[in-house]
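Student: using only what follows, build the 3D model:
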Amino acid sequence: MEKYVITGKQRLSGEIEISGAKNSAVAILPATVLIKAKYFIDNVPDIADISVIIDILRYLGAEVKITKTGKYRRTLEIDTTGVQSKEIPYEFSRKLRASYYFLGSMLGRFSFAKVAMPGGCNFGGRRPINFHLDAFETLGAATSVLGSLEIDLKHPSLASTLNAVITAINSNCTTVIKNAFIDEHIKDILKILSSGNKADIEYDEDDKIITVDGCVPDCEEFNFASEIIFDEQSKNLTADHILTSLHSNSATVIKNAATDEKTVKLISLLNEMGENITICPDNSVVIPPIKRNDHYSVVSVKAEELTGSTFTFTTVSVGATVNLMLAAVLAEGTTTINNAAREPHIVDLANFLNRMGASIRGAGTDTIKIYGKPELQYVEGKVITHEVIPDQIEAGTYMVAAAATGGDITIINVVPQHLDTITDRLRACGCTVEEGGDSVRVISNGSLKACNLRTKPYPGFPTDMQPQFTTLLTICEGRSDITDAIWGNRFKYTHQLQKMGADIFVESSNTSATVEGVATLHGANVTADDLRAGAAMIIAGLCAEGETAISNIHYIDRGYESIVDKLTSVGAKIERRTFPDQNEISCCN
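Tutor: The predicted model follows:
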């Protein structure tokens with residue numbers, strides 16, 4: 001097991017070069033499949049997600065050559081002439097959500113695509129793919145999700161229903177539970193599981209049906225122990241964490257847990273179903289690792305022909321906007337996307353597709369028009385070149401790190417306009433931010449004041465920066481109110497900050513939090529709950545007193561290139577260390 005180990009309270013000063021944008025590259029590389037061509041794509045980041053995309057391209061038959069062109073810069077030469085239509089298996093798709101972009105590109109080229117249900121970071125239930133499927137159907141495609149399960153309970157009871165629900169959650173497919181036992185207690189449990197961080201669950205009390213979109217653990221296997229420490233304010237979350245910890249690949253210890261009658265009854269019920277949860281004399285609760293269920297779904301899309309149409313998103317979806325653009329460039333006629341995502345990587349993808357011979361207008365606004373054609377106007381033999389834009393979120397992360405450490409960092413290879421909302425909030429906290437042509441400089445004297453934060457789709461404050469900025473607010477003087485309703489449980493990392501002394505309270509809706517600034521954080525053993533939460537833990541460790549060790553760092557590897565080298569170059573004391581695995585833990589002596 002590897003961890004990042006940080007010795008905090010080092011003032012960061014110097015220059016950091018930003019890599020290419022993860023969110024652009026993971027869309028642009030699947031787009032290469034649309035036609036038989038050769039590509040020269042520069043500024044592709046060296047991160048785990050890109051490695052998976054490259055593996056998928058090679059699996060499909062593409063030739064990919066990687067050339068290092070700078071310290072944090074590399075070029076991919078891609079030849080998609082030999083690409084064949086294949087189902088993308090779960091061994092690839094489970095590692096990142098962006099694998100679903102091959103649905104759009106392969107549908108466009110082959111009129112057919114199959115991708116195992118994708119994985120990625122888990123922010124609260126399954127990030128729904130229904131927007132993607134609805135968009136494909138608008139173009140004339142038939143869509144289906146194969147591999148769904150059906151459970152018909154012959155003897156419905158609370159125990160059998162809960163057993164079926166937890167089994168369904170631990171799969172990667174849709175499960176329909178018929179003849180389910182549904183009372184107020186099971187409704188409470190379903191609400192916990194649904195809003196906690198695991199799966200989308202719906203129920204029909206009249207028909208006695210529960211539908212579960214399962215969510216197996218994403219990315220790499222977890223081979224280490226987790227620890228949750230409650231205070232008096234958070235003890236009431238014990239039942240929530242017991243249920244959601246059943247889904248973890250690691251053993252979990254909940255210290256200072258509630259042991260009231262309701263919690264004890266829940267544990268007893270779960271143990272009757274075959275779990276092995278222990279209540280210890282010191283009021284700790286130990287939950288063993290998950291029992292894996294390897295069922296998973298396959299998303300299938302096919303069309304005799306694709307025809308341009310108009311599609312309006314009821315909720316802005318970056319991923320579905322990308323997929324619709326990919327499929328629509330080879331559709332006959334014009335496709336109009338209303339309420340489209342406006343992020344910089346949407347514009348970057350549109351520019352790349354236009355270089356391939358597509359005709360896309362309006363990217364960066366909420367209305368995108370794609371003037372489709374059965375064949376793109378590509379000159380055979382010509383190499384298509386493109387440079388991926390700088391990573392807005394990586395840049396924002398280092399900007400916040402400068403602020404949190406009272407530092408002075410110049411961040412180069414950026415588009416300052418992409419960072420406007422981050423710059424605005426840093427200035428509100430008392431930092432100085434100077435903008436150059438392709439750089440920003442953040443100067444902090446360490447005297448920071450609270451500010452409020454609300455995430456919104458671009459050009460609003462990005463949800464992918466909320467955990468990092470909330471971490472900064474924990475050491476700002478005064479009270480800060482944070483709202484992030486884009487994903488259902490983007491605040492699940494906050495109990496890690498509480499271990500370090502943060503004064504933070506998350507509302508029951510899991511969409512807002514209140515922070516009271518403290519003088520300093522203190523080093524602790526913490527876990528990266530997802531990619532951006534991992535970045536938040538690094539920032540917390542950098543500004544904390546003492547030593548911080550961060551587990552689950554494969555999440556951070558997914559989106560940050562050479563993060564140790566970059567931080568070390570500006571004065572951070574951070575290193576990657578290997579520790580013995582801890583598969584089993586016990587708190588009972």
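
Student: domain-wise, how is the protein divided?
Tutor: Domain assignment for the chain, taken from automatic domain parsing, gives 2-18+391-578, 22-146+296-387, 149-287.

Student: tabulate those (TSV), appending mean neighbour count and mean pLDDT.
Tutor: Every C-beta, even on glycine, is put in place using the N, C-alpha and C of the backbone. Shown next, in TSV, are those (neighbours: other CB atoms under 10 Å; pLDDT from 0 to 100):
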stretch	mean neighbour count	mean pLDDT
domain 2-18+391-578	21	96
domain 22-146+296-387	20	92
domain 149-287	18	75
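
Student: chain center to the helix or strand encompassing Pro467: distance?
Tutor: Pro467 belongs to helix 466-473 when assigned by DSSP states H and E. Offset of helix 466-473 from its chain centre (CA atoms, centre = their mean, to the nearest Å): 16 Å.

Student: hey, C-alpha coordinates of it in PDB?
Tutor: Extracted C-alpha coordinates of helix 466-473, given in PDB (Å, rounded to 0.1, in the frame of the first residue of the first chain):
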ATOM      1  CA  GLN A 466     -15.100  22.600  -4.000                       C
ATOM      2  CA  PRO A 467     -13.300  20.100  -1.800                       C
ATOM      3  CA  GLN A 468     -10.000  21.900  -2.200                       C
ATOM      4  CA  PHE A 469     -11.500  25.300  -1.500                       C
ATOM      5  CA  THR A 470     -13.500  24.000   1.400                       C
ATOM      6  CA  THR A 471     -10.300  22.800   2.900                       C
ATOM      7  CA  LEU A 472      -8.800  26.300   2.600                       C
ATOM      8  CA  LEU A 473     -11.900  27.700   4.300                       C
END
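
Student: past it, which element shows up next along the chain?
Tutor: Helix 466-473 is succeeded, C-terminally, by strand 479-483 (DSSP H and E).

Student: residues making contact with that following strand?
Tutor: 450-455, 466, 469-470, 473, 511-517 (CB atoms under 8 Å, 6 or more residues apart in numbering).

Student: now, these that are in helices?
Tutor: Of the positions in the contacts of strand 479-483, Gln466, Phe469, Thr470, Leu473 sit in helices, assigned by DSSP state H.

Student: ok, so of those, who is nearest Leu324?
Tutor: Gln466 (26.2 Å; CB to CB).

Student: once you drop chain neighbours, what's closest to the closest one?
Tutor: Asp484 (4.8 Å; CB to CB, 6 or more residues apart in numbering).

Student: how close does the residue nearest to Gly308 when sequence neighbours are not counted get to Leu567?
Tutor: Nearest non-adjacent residue to Gly308, counting by CB to CB, 6+ apart: Gly333, 3.2 Å away. Gly333 is 50 Å from Leu567, where distance means CB to CB, to the nearest Å.

Student: can you give me the strands in the stretch 101-250 of the chain?
Tutor: 112-116, 142-146, 149-152, 174-178, 200-204, 209-213, 226-229 (DSSP state E, counting those that start in this stretch).

Student: what helix or strand is Thr421 on?
Tutor: Secondary structure (DSSP H and E) places Thr421 in helix 420-428.

Student: and for Val347?
Tutor: helix 344-355.

Student: got it, and Arg74?
Tutor: Taking DSSP H and E as the definition, one finds Arg74 inside strand 73-79.

Student: for the residue nearest to Val298 when sequence neighbours are not counted, what are its contacts?
Tutor: In space, and not counting its chain neighbours, Val298 is closest to Leu146: 4.5 Å by CB to CB, 6+ apart. Residues in contact with Leu146 (CB under 8 Å, 6+ apart) are Ser297, Val298, Val299, Ser300.
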